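Visitor: got a sequence here, can you build the structure:
(chains A and B)
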Amino acid sequence: MAEKPRLRVPSEAKKGDIIQIKTLMSHPMETGYRKDEAGKPIPREIINSFVCTFNGHEVFRADLEPAISANPYFEFTVKVEDSGTFAFAWVDDNGTVTTAEQSIAVS
Amino acid sequence: MSSLTRRGALMLGAGMTLTLVAVDEGAATPAEADAEIAKFTGGNAAESGKIAIDLPDIAENGNTVPLAIKVDSPMTADDYVSEIRVIGDANPNAGIVRFHLTPMSGRAEAATRIRLGGTGTVTVLAKTSTGKFYAERKEVKVTVGGCGG
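Guide: Numbering: from 1, shown residues only, chains lettered A, B, ... in the order given. Model prediction:
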């Protein structure tokens, strides 16, 4: 099981601010095109979906393909009007879901 | 490998594999990339000059190439970029990533790190909530064998 994802979310912001969020998830992003030492294909296993919601509303989503580098990194912006909680979810090909949360105080 | 980060170290091991990809599977052809582009735009004309692509001209390590995208859009509830599609013609699959944005995004921006199997063209497409399509291309030279550091 992967280690804890890393998040960079400001802890506070002013109403109407556009904040930047950065996330880094530890994952090999195995493409399915590589072969092991015996020449057997290594099956694909990637994170195929990343979703960020704020207070339950989807704000950003990515559909990942094998061309996303190992340890998928994303940077995106969100306009915040209220205090609340960002929830993040990474889903891999095996259906493993890794989640993380971070709250922000908006004044 | 000037600044060897934790991530950089992880990449070293995987460095060899892109060459294998190229040998074993070949790359997507420009025609396959074009098909993927047409799938996104539905054959509609795409306007240029609206997307800024930040990608290096030369990528020493094709395993992790920083990509940042900015689309010129008001990002209001009535007019926002809803989808950004990234397509490359030098990987086994033409598709690289797809971003879904909302008016809550505030700005039509996203960044990530991508794999490029060889020198080729990266196409970034955007679709707005008003039904417009934007497109921009960027050529990236990939130095093969970036494994040794």
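Visitor: sketch out the low-pLDDT regions of the chain for me.
Guide: Looking at chain A here, since you left the chain open. Counting by pLDDT under 70, chain A shows low-confidence ranges at A:1-3.
Visitor: chain B, not that one
Guide: Low-confidence segments of chain B, defined by pLDDT under 70, are located at B:1-27, B:144-149.
Visitor: got the contact list for the residue of it found nearest chain A?
Guide: Here chain B gets closest to chain A at one residue, B:Gly106, 3.2 Å apart by Cβ to the nearest Cβ. Yep, even glycine has a C-beta here, placed from its N, CA and C like the rest. Applying Cβ atoms under 8 Å, 6 or more residues apart in numbering or on different chains, we find B:Gly106 in contact with A:18-19, A:77-79, B:75.
Visitor: if any of the residues you listed are buried, put those into a ChimeraX selection.
Guide: To isolate the buried subset of those in ChimeraX, counting by 16 or more other Cβ atoms under 10 Å in any protein chain shown, use the following:
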select /A:19,77,78,79 /B:75
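Visitor: residue contacts, the most centrally placed residue in chain B?
Guide: Residue closest to the average C-alpha location in chain B (Cα atoms, centre = their mean): B:Val86, at 4.1 Å. The neighbours of B:Val86, taking Cβ under 8 Å, 6+ apart as the test, are B:67, B:69, B:95-98, B:114, B:122-125.
Visitor: cool, and A:Ser11?
Guide: Residues touching A:Ser11, when contacts are defined by Cβ under 8 Å, 6+ apart, comprise A:103-105.
Visitor: now B:Ile114
Guide: A:67-69, B:64-65, B:67, B:86, B:88, B:96-97, B:122.
Visitor: same question for B:Tyr80.
Guide: For B:Tyr80, the contacting residues are B:73-74, B:101-103, B:105, B:108, B:128-129, taking Cβ under 8 Å, 6+ apart as the criterion.
Visitor: now, which of these lie within strands?
Guide: In this view, those that belong to strands under DSSP state E are B:101, B:108, B:128.
Visitor: beta partners of the second one?
Guide: B:Ala108 forms beta bridges with B:Val71, as assigned by DSSP bridges.
Visitor: what distance do you get for the residue most central in space within chain A to A:Thr23?
Guide: Of all residues in chain A, the one closest to the mean position by Cα atoms, centre = their mean is A:Phe50, 4.6 Å from it. Counting by Cβ to Cβ, to the nearest Å, the separation of A:Phe50 from A:Thr23 is 7 Å.
Visitor: for A:Glu37, same thing?
Guide: Spatial separation of A:Glu37 from A:Thr23 under the definition Cβ to Cβ is 33 Å.
Visitor: B:Asp72 too?
Guide: In this structure, B:Asp72 lies at 25 Å from A:Thr23, with Cβ to Cβ as the measure.
Visitor: near chain B, which residues of chain A are found?
Guide: Applying the criterion Cβ under 8 Å from any Cβ of the partner chain, the portion of chain A that neighbours chain B consists of A:18-19, A:28, A:31, A:33-35, A:54, A:57-79.
Visitor: in strands, which of the contacts of B:Gly106 appear?
Guide: Secondary structure assignment by DSSP E places A:18-19, A:77-79 of the contacts of B:Gly106 in strands.
Visitor: ok, of the residues you listed, which one's closest to A:Arg8?
Guide: Of all those, A:Arg8 sits closest to A:Ile19, with 10.1 Å by Cβ to Cβ.
Visitor: pretty sure that closest one contacts A:Glu81?
Guide: No. A:Ile19 is beyond contact range of A:Glu81, at 11.4 Å (criterion: Cβ atoms under 8 Å).
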